[in-house]
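Let's see this in three dimensions:
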Amino acid sequence: MKRRIIYLLGMGTAALLVTSGASAQISLSSAVDLALQNSTQVKMAVADVQKATAGLAEARDAYLPNFLLGSSIGYTYGFPVGQPSVYNVQSQSLLYSFSQPDYVRASRAALKSAELSLKDNREQVTLDCSLAYIQLDIDLSELAILDQEKIDAEKLISIERERLIAGVDSRMDLTKAEITSAQIDISRFHIQDNAASQRQKLAHLTGLPAASFIPDAKSIPPLPDFSNDDTLVDQAITSNAGVQSAYANAKSKMDLYYGDAKQNYRPQFGFGIEYNRYAEFNNYNEYYLRFQHNNFDVGVQITFPIFDASRRAKARESAADATRAQIEADQAKNQTSEQVQSLRHSLAELKAQQRLAQLQNQYAQEQLETIQAELKNGSGSPNAAPVTPKDEELARIQAQERYQDALNANLSVMRAQLSLMRSIGAIEDWAHSAVK
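Numbers count the residues shown, from 1 in each chain. Below is the predicted model of the structure:
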């Protein structure tokens with residue numbers, strides 16, 4: 001119910017954005033809800049679940065008697081061949097088959113596989129939406145930093161021109177400052193393109209206009225720390241919906257094989273009941289001694305397959321399908337465990353890089369603060385070289401670059417953490433944890 005309320009609120013926000021064309025902040029959980037509702041991948045998985053549900057009902061309903069009403073009325077001349085009737089009522093059902101319980105179990109396993117596949121698709125869509133959302137948020141932060149960095153670079157160019165005129169610095173120093181400004185322009189173009197790409201991706205996922213997307217950084221829940229968790233591989237094997245779906249599909253294929261194999265050399269029992277009303281104009285009374293218009297029969301049909309080559313071939317085909325499905329499930333399990341193990345190791349390295357980027361950012365900020373203090377109060381040492389506004393602008397640009405490095409290091413860590421949550425089937429709950 002909570003998720004439905006969130007979804008309805010998200011859809012209302014989407015409708016307002018589409019109709020007004022305005023830009024507004026949207027939370028991560030709302031974006032994920034819209035993506036799950038709008039995703040063609042999820043819609044196809046829902047259709048697979050509906051199909052599997054109908055398949056299970058079909059397997060179970062083989063024991064339920066059907067009810068048919070029909071007519072084969074017609075004129076006859078001579079002996080009435082085919083027993084034409086004014087109307088007839090029939091009902092048939094399966095009483096017992098050695099194969100049908102296996103078919104029911106196969107359908108039940110197929111339904112479970114489809115439900116798990118739906119969960120797996122939902123988690124993939126959640127991962128795609130979350131990554132694009134976080135990437136867009138960081139891109140916008142970097143663009144704001146680059147805007148300020150561009151202002152500082154232009155100030156540095158102005159300072160270098162003045163120093164060149166005064167004969168303090170060379171032409172090379174001015175060119176170096178202009179190169180810094182040009183590099184900032186290139187970085188800005190690159191990040192603008194990436195932000196536009198993420199907006200377009202989010203628009204395709206959620207159905208909202210690309211220009212309206214403004215992420216809310218406060219809506220991104222804190223990420224769990226997997227550094228000391230040695231159970232991730234086991235969690236992935238037991239909780240990954242894709243792996244579970246593959247094994248459920250393998251079980252379904254195996255149960256189908258069992259059912260097809262039991263079609264040979266085992267009897268099948270069926271029940272039937274039929275009523276026919278024959279017309280008077282079909283001259284039955286000329287050929288039957290005790291003809292009556294109302295006829296009724298009921299009975300049990302027993303079929304014992306002595307030899308059926310096509311059924312034996314069908315059983316071999318089902319056995320091959322079951323073997324392949326089992327191998328595919330094992331392969332999915334191995335790939336998932338290897339992926340989780342690789343992500344764990346890379347996460348440790350990424351965290352070390354994140355720590356280094358944070359320290360470098362901290363050092364650059366401290367260096368900038370030191371230069372600013374010396375500009376204001378002096379260095380306090382008569383032998384020290386005086387600090388100039390050029391040094392301040394260089395330190396400011398350096399601090400902004402180190403801050404960008406720290407943002408990118410944070411993004412790399414978050415990607416690895418989100419991929420790990422995707423592997424253990426926890427990412428959808430994480431995306432809505434801020435709302436809870």
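
Low-confidence ranges, this structure, go.
For the chain, applying pLDDT under 70 flags the ranges 1-24, 81, 379-384, 434-436.

where exactly do the strands run in it?
Using DSSP state E, the strands assigned to the chain run over residues 24-26, 68-70, 87-97, 213-215, 268-277, 294-303.

Run the angle between the last one and strand 268-277 for me.
It stands for strand 294-303. Between the direction of strand 294-303 and that of strand 268-277, the angle (axes from the mean of the first three to the mean of the last three CA atoms, to 10 degrees) works out to 170 degrees.

Who does strand 294-303 pair with, and is each partner parallel or antiparallel?
Sheet pairing here is set by DSSP bridges, and for strand 294-303 it gives strand 268-277 (antiparallel).

May I have the partner strand exported as PDB, CA atoms only?
What follows is strand 268-277, C-alpha atoms only, in PDB (Å, rounded to 0.1, in the frame of the first residue of the first chain):
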ATOM      1  CA  GLN A 268      -4.500 -43.100 -18.300                       C
ATOM      2  CA  PHE A 269      -8.100 -42.900 -17.000                       C
ATOM      3  CA  GLY A 270     -10.700 -40.600 -18.300                       C
ATOM      4  CA  PHE A 271     -14.300 -39.900 -17.500                       C
ATOM      5  CA  GLY A 272     -17.100 -39.100 -20.000                       C
ATOM      6  CA  ILE A 273     -20.800 -38.400 -20.000                       C
ATOM      7  CA  GLU A 274     -23.000 -37.700 -23.100                       C
ATOM      8  CA  TYR A 275     -26.700 -37.000 -23.800                       C
ATOM      9  CA  ASN A 276     -28.200 -36.900 -27.300                       C
ATOM     10  CA  ARG A 277     -31.600 -36.000 -28.500                       C
END
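
gap between it and the chain center?
Using CA atoms, centre = their mean, to the nearest Å, the distance from the centre of strand 268-277 to the centre of the chain it belongs to is 49 Å.

what does it rub up against?
Here strand 268-277 makes contact (CB atoms under 8 Å, 6 or more residues apart in numbering) with 65, 83, 85-99, 293-305. Any C-beta I mention is one placed from the backbone N, CA and C, and that applies to glycine too.

make it 6 Å
Taking CB atoms under 6 Å, 6 or more residues apart in numbering as the criterion, the residues outside strand 268-277 that touch it are 85-97, 295-298, 300-303.

For residue 59, give me its contacts.
Per CB under 6 Å, 6+ apart, neighbours of residue 59: 103-104, 107.

Tell me the buried residues in stretch 385-404?
387, 390-404 (16 or more other CB atoms under 10 Å).

So which of those residues is the closest to residue 281?
Proximity of those to residue 281 was ranked by CB to CB; the top entry is residue 404 with 95.9 Å.

who's in contact with the closest one?
Under the criterion of CB under 6 Å, 6+ apart, the neighbours of residue 404 are 142, 145.

ok, now with 8 Å
Residue 404 makes contact with 142, 145-146 under the criterion CB under 8 Å, 6+ apart.

Out of those, who's the most crowded?
When neighbours are counted as other CB atoms under 10 Å, the busiest of the contacts of residue 404 turns out to be residue 142, with 24 neighbours.

Tell me how far that residue lies from residue 51.
Remark: distance between residue 142 and residue 51 (CB to CB, to the nearest Å) = 46 Å.

Same check on residue 415?
Residue 415 sits 35 Å away from residue 51, going by CB to CB.
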